[in-house]
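Visitor: here is a sequence together with a model predicted from it:
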Amino acid sequence: MRRVCWIFDLDNTLHFADEFIFPQVNEKMNRYIQKHLGVSSTKASSLRQTYWDQYGATLRGLIRHHNIDPKDFLKKTHDLAFHDDHIIFENLIHQIFRKLRGRKIIFTNAPQRYTTIILKKMNVHHFFDFIHAIEHSKFHGKPSTLSIKKLIRNTKTKQAYFVDDTLANLKKAKQYGLKTIWINDSLKKPSFIDFKIKNINAMRRLRIKPV
């Protein structure tokens with residue numbers, strides 16, 4: 001019998017990053033860009049957002065256009081104060097993962113160390129068989145073609161359900177044969193989305209079959 005394989009994004013999928021985590025990361029990125037490129041704080045913030053919009057990850061634009069050292073960038077911009085009360089997640093997440101059968105993979109544009117810390121703070125790290133961080137795709141983030149190809153190759157995964165909050169990531173995954181689950185509370189549901197749920201708690205109501 002085939003097993004269900006699950007691929008999960010991290011930030012704003014498994015935990016809510018917007019209130020405490022992303023502001024810290026964004027501020028550190030702005031300072032890093034300002035220092036290493038010699039630009040104003042306003043310009044640094046603009047570049048950070050522009051490259052995120054264009055490439056799915058600010059780092060990709062900095063590598064391509066400014067020859068930034070990716071390891072140094074990730075180390076310094078994701079060295080955060082990981083206070084327990086800053087890691088916010090759904091109250092049923094442990095129950096859901098205990099009951100969710102099948103292989104589980106993290107697919108994130110975040111670095112490995114940051115990802116591991118977040119998962120351990122949430123006490124869900126033991127549920128996952130593999131973490132595919134941005135280092136594993138040669139610093140190409142979702143939704144790049146190289147990123148999804150590296151995920152499939154590195155995890156030996158051909159068919160799976162991919163859970164993410166970002167449409168562009170899901171659209172690319174659909175092109176490579178993955179089933180898509182979009183975390184969003186809007187009324188729209190694009191054709192490349194197989195399931196739409198408001199939050200991770202809603203996964204317990206999905207009728208999922210092996211793929």
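Guide: Alright, I've got the coordinates. Numbers count the residues shown, from 1 in each chain.
Visitor: how about the strands in the protein?
Guide: In the chain, the strands defined using DSSP state E lie at 5-8, 103-107, 130-132, 161-164, 179-183, 195-197.
Visitor: can you redo these as TSV with mean pLDDT and distance to Asp85?
Guide: Heads up, the C-betas are built off the backbone N, CA and C, glycines and all. Output for the strands of the chain, formatted as TSV (pLDDT from 0 to 100; distance: least, Cβ to Cβ, whole Å):
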stretch	mean pLDDT	distance to Asp85
strand 5-8	96	23
strand 103-107	97	23
strand 130-132	98	24
strand 161-164	98	25
strand 179-183	97	22
strand 195-197	96	26
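Visitor: so can I have CSV of those strands showing mean neighbour count and distance to Met203?
Guide: Shown next, in CSV, are those (neighbours: other Cβ atoms under 10 Å; distance: least, Cβ to Cβ, whole Å):
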stretch, mean neighbour count, distance to Met203
strand 5-8, 24, 9
strand 103-107, 22, 12
strand 130-132, 19, 19
strand 161-164, 25, 8
strand 179-183, 23, 8
strand 195-197, 17, 6
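Visitor: ok, now how distant is Ser41 from Asn67?
Guide: Distance of Ser41 to Asn67, given as Cβ to Cβ, to the nearest Å: 22 Å.
Visitor: tell me which residues in the helix of greatest length in the chain are buried?
Guide: Using DSSP state H to assign secondary structure, the helix with the most residues in the chain is helix 21-37. Residues 21, 24-26, 28-30, 32-34, 36 are the ones in helix 21-37 that count as buried (16 or more other Cβ atoms under 10 Å).
Visitor: could you list every helix and strand in contact with that helix?
Guide: helix 41-55, helix 58-66, helix 70-77 (3 or more Cβ pairs under 8 Å, 6 or more residues apart in numbering; DSSP states H and E).
Visitor: Ser41 and Asn67 - which one has more neighbours?
Guide: When neighbours are counted by other Cβ atoms under 10 Å, Ser41 comes out ahead of the other of Ser41 and Asn67, with 12 against 8.
Visitor: and the gap between the most centrally placed residue in the chain and Ile118?
Guide: The centroid of the chain falls nearest to Thr108 when counting by Cα atoms, centre = their mean (3.2 Å). Distance of Thr108 to Ile118, computed by Cβ to Cβ: 9 Å.
Visitor: what sits in contact with each of these two?
Guide: Leu10 (Cβ atoms under 8 Å, 6 or more residues apart in numbering).
Visitor: spit out the contact partners of the closest residue to Ala110 other than its chain neighbours.
Guide: Once flanking residues are discounted, Ala110 sits nearest to Leu10: 5.8 Å by Cβ to Cβ, 6 or more residues apart in numbering. Contact analysis of Leu10 by Cβ under 8 Å, 6+ apart lists 106, 108, 110, 115, 118-119.
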